[in-house]
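Student: I would like the atomic coordinates for the input below:
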Amino acid sequence: MGTQPASGVTTVKQNEVIIPDLTIKDLLSSIPSHCFKRSALRSSTYIVWDCFMLGVIYKVANYLDALITPEYLSLPNASLYPALRFSVWALYGFWAGLFSTGLWVVAHECGHQAFSESKFINNSVGWVLHSALGVPYHSWRISHAKHHASTGHMTQDQVFVPKTRSQLGLPTFDPTKEDITGSSVSDEVKRELWGALGDSPLGALLGSASYLLGGWPAYLIRNASGQKRYPAGTNHFNPKAVIFAPHQYDAIVLSDIGILLWLGAVAAAINTYGFMTVFRLYLVPYLWTNHWLVLITFLQHTDPLLPHYRAPEFNFVRGALATLDRSLLGDCGSIMAWIGAHATHGISETHVLHHVCSKIPHYNAWEASAALRKRLEQAGLVLQGAPGGWREVYRVFKECKFVEDDGNVIFYKNAYGLAASRPKFNDGNASDSGVEIDKL
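Tutor: Residues are numbered from 1 along each chain as shown. The predicted structure is shown next:
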């Protein structure tokens, strides 16, 4: 986004983002048929592998902790011993949280019925895994299915829904001082918007950090970053919440039972082993898992390059393609990129494919994604974002502040009211394609 200030007005050169006119049949036909096959046995091996890696990480940390004594290690100051132990267990929390995210991803696939051919197996395994990670399985499965059906829809999507100018209480749009697409803004409007939205580097850092740490429970408990038309008090634990249909009542209660059992298990562990032990071994990795979940999904759905839609221009394919693939930890080098993709089963790297067909299991998603990308490139679409990491969260957090109240295809604007992108429509009318969504 190049900037050209002149005569009290700032004008930017925007990226033209193609608004796709593809059909779901076209996209699915580009994927090899064997990629759609699901295997309970093969999927289960990833649960075993993730648990094995968590055991290895714990054993290594425990072994190193035992060596941090004067008997085995000579340090110049006695205070360095607890500092070194702290470092060991901090690294344990990081790595355990990353591989626990892999278990989270497997449970997420259960919710999409991608774990196996059996709905009973899928929902049973998913309920156990997600409950163990503090997630109300059916509650989130249902809202997440709605998210997939309406990704990027301003009034139907369930999460990462942008706030509008009016919702933030910003000055009313003035066509004499700014362009609706965000390509030009007067200095006066820039000052007004920056006064309301502007972040200092420290403020943006703290804001993005708090979002990563608290965003997931805040979404479940009070619909933070969720659908803005839902009433206050909407959450994932109330069977009568507007998110759910009456026939889903029992499933939500079952999810709540899973959470109560999880809370009881955590409380019993604290009573038996002490808070600090449970905090070190389980709660810290749990917080890291929540952090990775928010980081991955936030960056998949939030970027100045991604369009959001209102009803007249929305269809399923446009929503599915309003997402990005990113290399998790790719900004830390190729080795960390491989570890990030391996530990989280490619959930960040194959996300566009996942939105096109969520029933493809992760172990087939790599091949399916490669085939899908070839078809998308033929249509001029390259949906590969910058590597996913903290630096990218900081950038996106600063650049994506609000969208306009008007317009059927809209892009985020920054704190100056400037947008990096504008829509480019192909000739002809957009198709109104969709997919069959199983009864929830």
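Student: next, the buried residues of stretch 63-82.
Tutor: For stretch 63-82, burial by neighbour count (16 or more other Cβ atoms under 10 Å) applies to 64, 68. Every residue, glycine included, has its C-beta placed from N, CA and C.
Student: contacts for it?
Tutor: 84-85, 88-89 (Cβ atoms under 8 Å, 6 or more residues apart in numbering).
Student: make it 6 Å
Tutor: Stretch 63-82 is contacted from outside by 84-85, 88, using Cβ atoms under 6 Å, 6 or more residues apart in numbering.
Student: swap in stretch 180-189?
Tutor: So stretch 180-189 is contacted by 8-12, 14, 177-178, 413, 417-419, 422 (Cβ under 6 Å, 6+ apart).
Student: got a PyMOL select line for the buried ones in the residues you listed?
Tutor: Restricted to buried positions by 16+ other Cβ under 10 Å, the PyMOL selection for the contacts of stretch 180-189 reads:
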select buried, resi 9+10+12+14+177+178+413+417+418+419+422
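Student: distance to Val106, secondary structure and pLDDT for the contacts of stretch 180-189 - can I get that in TSV?
Tutor: As requested, those are arranged in TSV below (distance: Cβ to Cβ, whole Å; DSSP: H, G, I helix; E, B strand; the rest coil; pLDDT from 0 to 100):
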residue	distance to Val106	secondary structure	pLDDT
Gly8	56	coil	90
Val9	52	strand	95
Thr10	48	strand	95
Thr11	48	strand	96
Val12	43	strand	95
Gln14	40	coil	97
Lys177	51	coil	96
Glu178	47	strand	96
Lys413	38	strand	98
Gly417	43	coil	97
Leu418	41	coil	97
Ala419	38	strand	98
Arg422	39	strand	97
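Student: so where's the protein shaky on pLDDT?
Tutor: Applying pLDDT under 70 to the chain picks out residues 1-6, 427-440.
Student: let's see that with 80 instead.
Tutor: 1-7, 199, 427-440 (pLDDT under 80).
Student: ok, which stretches of it are strands?
Tutor: 2-6, 9-13, 15-19, 184-186, 308-309, 409-410, 421-425 (DSSP state E).
Student: what would these look like in a markdown table with distance to Pro70?
Tutor: Below are those laid out as a markdown table (distance: least, Cβ to Cβ, whole Å):
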| stretch | distance to Pro70 |
| --- | --- |
| strand 2-6 | 60 |
| strand 9-13 | 62 |
| strand 15-19 | 60 |
| strand 184-186 | 64 |
| strand 308-309 | 60 |
| strand 409-410 | 63 |
| strand 421-425 | 60 |
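Student: nearest to Phe316, of those?
Tutor: Phe316 lies closest to strand 308-309 among the strands of the chain, at 10.9 Å (Cβ to Cβ).
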